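**Student:** Below are the sequence and a predicted model for it; my questions follow.
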Amino acid sequence: MRARRARARQREKSITAAVKQYVAAWAAISECESKRDREIANYQRQIQKLEVCANEELARYHAEQAAAAAALREEGQTDDDVAELLEITPRQARRLLAAARTADAALTTTDTTPSSGVEQPIATVAKAKASDDGDRTDLAGDSEGEPRM
């Protein structure tokens, strides 16, 4: 009888220890998942900030490319001449020139908002780089590896 009670007590202790171990592991898992999720959220915010900065910088470079193409056009070069000089396709040259015209229009066309009374440009060069046909090629250089100048 004593042996049976001792085994029952030992079994109860083993069960209690296993449950405690399980609960401790569950708490550690929960903490680890929470930490992981916080860190991922932090990294996602950092990535978003980097994307915004990179997109702004890229927009400036695209605007510079468009201005360079427009300067060539103003010197009397045809669209095909501009494309040849910049080693891009005529379609890309036309996109650059259109972006430059849109940027010029944005600088000359302003909208006065009633709430602030401050003039704001209506269009931006970043909007101008979006193509009419919806493909995602850049203003200069495309996905097929053409040079970007």
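**Tutor:** Yes, it's here.
**Student:** How far off centre is the helix or strand harbouring residue 103?
**Tutor:** Element membership for residue 103, per DSSP states H and E: helix 90-108. On the basis of CA atoms, centre = their mean, to the nearest Å, helix 90-108 sits 23 Å off its chain's mean C-alpha point.
**Student:** and after the helix or strand that contains residue 42, which helix or strand comes next?
**Tutor:** Using DSSP H and E, residue 42 maps to helix 2-74. Later in the chain than helix 2-74, the nearest helix or strand by DSSP H and E is helix 79-86.
**Student:** is it true that residue 90 touches residue 79?
**Tutor:** Yes: contact status for residue 90 versus residue 79: in contact at 5.7 Å, counting by CB atoms under 8 Å. For the C-beta atoms, the positions are set from N, CA and C on the backbone; glycine is no exception.
**Student:** returning to that earlier point: please point out which parts of the helix holding residue 103 sit buried.
**Tutor:** 92-100, 102-103, 106 (16 or more other CB atoms under 10 Å).
**Student:** CSV please, covering the residues you listed and showing pLDDT and distance to residue 72.
**Tutor:** As requested, the buried residues of helix 90-108 are exported to CSV (pLDDT from 0 to 100; distance: CB to CB, whole Å):
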residue, pLDDT, distance to residue 72
92, 96, 13
93, 96, 9
94, 96, 13
95, 96, 14
96, 95, 9
97, 95, 9
98, 95, 14
99, 94, 14
100, 94, 10
102, 90, 17
103, 86, 15
106, 80, 21
